[in-house]
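Engineer: Any chance you can model this:
(chains A and B)
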Amino acid sequence: MAEPHERAARREGERLAELGRRRGFFFPSYEVYGGVAGLYTYGPHGAALKRHVEAAWRDRFTVKEDNFEIEGPTITPKAVLDASGHTDGFDDMLVTCPSCTASIRADHLIEDHTDVEDAEALPPAKAGTLITEHELACPSCGTPLADEPVESFNLMFETAIGPGDGDPGYLRPETAQSIFVEFPRLAEYARSSLPFGVTQIGTGYRNEISPRKGLIRVREFTMAELETFVDPDRNDPPLDRVADVSLRLYPIDAQRDDGTAYREESVADATDAGIIGDPWIGYYLGVARRWYDRIGVDGDRLRFRQHLPDERSHYASDCWDAEAEIDGDWIEIAGFAHRGCYDLSHHAEASGEEFTVFRPYDEPIERERATVSPDMATLGPEFGTDAPSIAAALEELAETEPGAFADETVLVSVDGARFEVPVDATGFTRETVTETGEHVMPDVIEPSFGIGRTVYTLLVHALETDVVDGEERTFLALDPSIAPTTVAIFPLMDRDGLGEQARDLAASLRSTGLEVDYDDAGNIGRRYRRQDEIGTPYCVTVDYDTLEDDTVTVRDRDTTAQERVAADELPSVIKALLAGDRSIGADG
RNA sequence: GCGUGGGUGGUCUAGCGGCUAGGACCUCAGCCUUCCAAGCUGAUGGCCCGGGUUCAAAUCCCGGCCCACGCACCA
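Structural biologist: Now for the predicted structure:
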């Protein structure tokens, strides 16, 4: 399915891993103790970059969308994940073929070859028995799997809350659940009106069997999730805001045709044509596309792929992924799921709490309602032990068929036996009640972003090489707004007072809130290259002209072009550059 | 978790039974240098971990850890 992209001979992932280690973006954790697969540390530049990506996400999905952000615990009691379906969903049963060593999902094997449904819920030992009884064989080599052990892999990190054995708990596999469980309170903060959205940026944990590909598949990772709670009947997204955003879509039918036949459609067209089934999903795809553009994901290496029905999560009805191309593979960097009322209804059922909001009617509804108030002093002596059931039957009958109470007596049946009850004894009345609204359980639309994967994508897509004066130059063309360092200040020479001037300039720029690096080591070219490799967009050099007229040069990372500006105008120049209101010319 | 191939200064590597383990780049100090990885001098720093074989192990064997690729997995 992966589209072959011809890239540099050396894999981008490899080049990036090397750059990441050498320049301090990210590297394997705990290496002095041998390392642990799937755990990475962000170095100084990586941590800054990640922080900027998170800030950009917050600005876009929390602030601009007028949502609010919370921060829940990562430790989650078992009951929560039982209710959400994760305890079952995360428990995979594997059986290993003794001949070809293939790992096979035992539950899938059983479901495919027997009448057993929902084999996932079986205990592993029972699954093993079924495999033996039905004489199931390895699907790849045909070796019988009878009596092979079925092992259970729980992909959640388990822990105990409290001393001793404690209460069972897990590190959360997604941040979403810590939002859902607090819904009753969050709805209160939203003043019980839909729609509203709650965001969270935090870590999730999955005990991956086989972590791979640098930051792509790790065991602890940062995600940024937005749960939008919408009224299923009444809330439409503000689609007009993103109507003309163009999306490269890879819907189900295109995948089935096994093509790479993408459809370039505007958000408006794609939702109108039903390619994207839900307008909220369409809306967020548009918002995400704009955000990716802004932070520097290469639009030519980005697509939105619809999940095939069999890969959808247990909670999702329609789901699209944002995928970025890296080394010819398409990597999921965000998921957009319509979770319906799955989570809220499960938590409501399991906890016994209300997970609804009250939705007032436009106009209060006057409704006639028939009620009964059976006179038990009459019914008791008359019907003995059947009296309570008769009373219940009368109540139901009043609701469904009030006309039955029109005569002197009313007939009810309880467990097949018929009883005749005098209407007088039923306390039957018709009354008018005023209903001002109803309780509704919201649907949930969830855009969920992998921050680490986004950071990785930005680095890969920014990694560039050109040739300056016959020398190969590697630079990271990161968007200036997310680059770890915004400005680097150099004295051309650390003598004749240039160093002092440059240090003063760096300090004054820092005081304006910019992230500034100062470097006086080595010749000027070397310092430019250092900054190029960590993606610093602007380098400012204090030279001998500065001593004369208080001007400095500003150099652009991507073009290496320079421009001379007055030192005291530097803050506003940088600000304008960041805002895209000016660019650096070539007049040095 | 299985299979294949790998792990030598910060990075990239040479060495593949006996070497004070070599180089390049980086880094640091000094000199030089008036805008793009220049030069000179000097310095710091290494055989993934644990067993075994051998007079002798970076080198061979076994186990572990980590990495890459393939299989499986990715709710």
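Engineer: and the residue in chain A that RNA strand B sits nearest to, what helix or strand is that in?
Structural biologist: For chain A and RNA strand B, the shortest gap (C-beta to the nearest atom of the strand) falls at A:Gly525, measuring 2.3 Å. Yep, even glycine has a C-beta here, placed from its N, CA and C like the rest. With elements taken from DSSP states H and E, the one containing A:Gly525 is helix A:524-534.
Engineer: list the helices and strands that helix packs on?
Structural biologist: helix A:12-23, strand A:471-476, strand A:487-491, strand A:538-542 (3 or more C-beta pairs under 8 Å, 6 or more residues apart in numbering; DSSP states H and E).
Engineer: I'd like the C-alpha coordinates of it written as PDB, please.
Structural biologist: Taking Å, rounded to 0.1, in the frame of the first residue of the first chain, the C-alpha atoms of helix A:524-534 are listed here in PDB:
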ATOM      1  CA  ILE A 524      31.600  32.600  11.500                       C
ATOM      2  CA  GLY A 525      30.800  29.900   8.900                       C
ATOM      3  CA  ARG A 526      31.000  27.100  11.400                       C
ATOM      4  CA  ARG A 527      28.600  28.900  13.700                       C
ATOM      5  CA  TYR A 528      26.100  29.400  10.800                       C
ATOM      6  CA  ARG A 529      26.300  25.700  10.100                       C
ATOM      7  CA  ARG A 530      25.700  24.800  13.700                       C
ATOM      8  CA  GLN A 531      22.500  26.800  13.800                       C
ATOM      9  CA  ASP A 532      21.500  25.500  10.400                       C
ATOM     10  CA  GLU A 533      21.500  22.000  11.700                       C
ATOM     11  CA  ILE A 534      19.300  22.800  14.600                       C
END
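Engineer: Which stretches in the stretch 101-250 of chain A count as helices?
Structural biologist: A:106-113, A:124-133, A:176-180, A:183-189 (DSSP state H, counting those that start in this stretch).
Engineer: Can you tell me which of the ones you listed is most buried?
Structural biologist: Mean neighbour counts were taken over these using mean count of other C-beta atoms under 10 Å, and the top value, a mean of 23, falls to helix A:176-180.
Engineer: is it up against RNA strand B anywhere?
Structural biologist: No: applying C-beta under 7 Å from any atom of the strand, one finds helix A:176-180 separated from RNA strand B by no less than 9.0 Å.
Engineer: what's in contact with that helix?
Structural biologist: Residues outside helix A:176-180 that contact it (C-beta atoms under 8 Å, 6 or more residues apart in numbering) are A:70, A:72-74, A:76, A:80-81, A:84, A:86, A:172, A:186, A:198, A:200, A:202, A:225, A:227, A:343-344, A:347, A:444, A:446, A:448.
Engineer: What average pLDDT does that helix get?
Structural biologist: Taken as a whole, helix A:176-180 carries a mean pLDDT of 94.
Engineer: likewise stretch A:289-299?
Structural biologist: 96.
Engineer: The helix or strand harbouring A:Asp321 - contacts with which helices or strands?
Structural biologist: A:Asp321 belongs to strand A:318-326 when assigned by DSSP H and E. If you count contacts as 3+ C-beta pairs under 8 Å, 6+ apart, strand A:318-326 packs onto helix A:279-295, strand A:302-306, strand A:329-340, helix A:451-462.
Engineer: So which of those is the most surrounded?
Structural biologist: A comparison of those by mean neighbour count, using mean count of other C-beta under 10 Å, puts helix A:451-462 on top with a mean of 25.
Engineer: With just CA atoms, put that helix into PDB.
Structural biologist: Provided in PDB are the C-alpha atoms of helix A:451-462 (Å, rounded to 0.1, in the frame of the first residue of the first chain):
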ATOM      1  CA  ILE A 451       2.800  14.800  19.400                       C
ATOM      2  CA  GLY A 452       6.000  12.700  19.200                       C
ATOM      3  CA  ARG A 453       5.100  11.500  15.800                       C
ATOM      4  CA  THR A 454       4.300  15.000  14.700                       C
ATOM      5  CA  VAL A 455       7.600  16.200  16.000                       C
ATOM      6  CA  TYR A 456       9.300  13.400  14.100                       C
ATOM      7  CA  THR A 457       7.400  14.200  10.900                       C
ATOM      8  CA  LEU A 458       8.400  17.800  11.200                       C
ATOM      9  CA  LEU A 459      12.000  16.900  11.600                       C
ATOM     10  CA  VAL A 460      12.000  14.500   8.600                       C
ATOM     11  CA  HIS A 461      10.100  16.900   6.400                       C
ATOM     12  CA  ALA A 462      12.400  19.800   7.400                       C
END
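Engineer: Now the element after that helix, going C-ward?
Structural biologist: As assigned by DSSP H and E, the chain's next helix or strand after helix A:451-462 is strand A:463-468.
Engineer: Need the contact partners of that next one.
Structural biologist: A:8, A:12, A:15-16, A:19, A:472-477, A:560.
Engineer: does any bit of that strand sit next to RNA strand B?
Structural biologist: Yes: counting by C-beta under 7 Å from any atom of the strand, RNA strand B is contacted by strand A:463-468 at A:Val468.
Engineer: and the angle from that strand to helix A:524-534?
Structural biologist: 160 degrees (axes from the mean of the first three to the mean of the last three C-alpha atoms, to 10 degrees).
Engineer: Can I get strand A:463-468 as PDB, trimmed to CA atoms?
Structural biologist: The C-alpha trace of strand A:463-468 is given here as PDB (Å, rounded to 0.1, in the frame of the first residue of the first chain):
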ATOM      1  CA  LEU A 463      15.700  17.900   6.800                       C
ATOM      2  CA  GLU A 464      17.300  19.500   3.800                       C
ATOM      3  CA  THR A 465      20.600  19.600   2.100                       C
ATOM      4  CA  ASP A 466      22.000  22.100  -0.400                       C
ATOM      5  CA  VAL A 467      25.400  23.200  -1.600                       C
ATOM      6  CA  VAL A 468      26.900  26.600  -0.600                       C
END
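Engineer: Neighbouring strands - and their directions - for that strand?
Structural biologist: Strand pairing for strand A:463-468, determined by DSSP bridges: strand A:471-476 (antiparallel).
Engineer: So what touches the partner strand?
Structural biologist: Strand A:471-476 is contacted from outside by A:19, A:459, A:462-467, A:483, A:529, A:532-535, A:557-558, using C-beta under 8 Å, 6+ apart.
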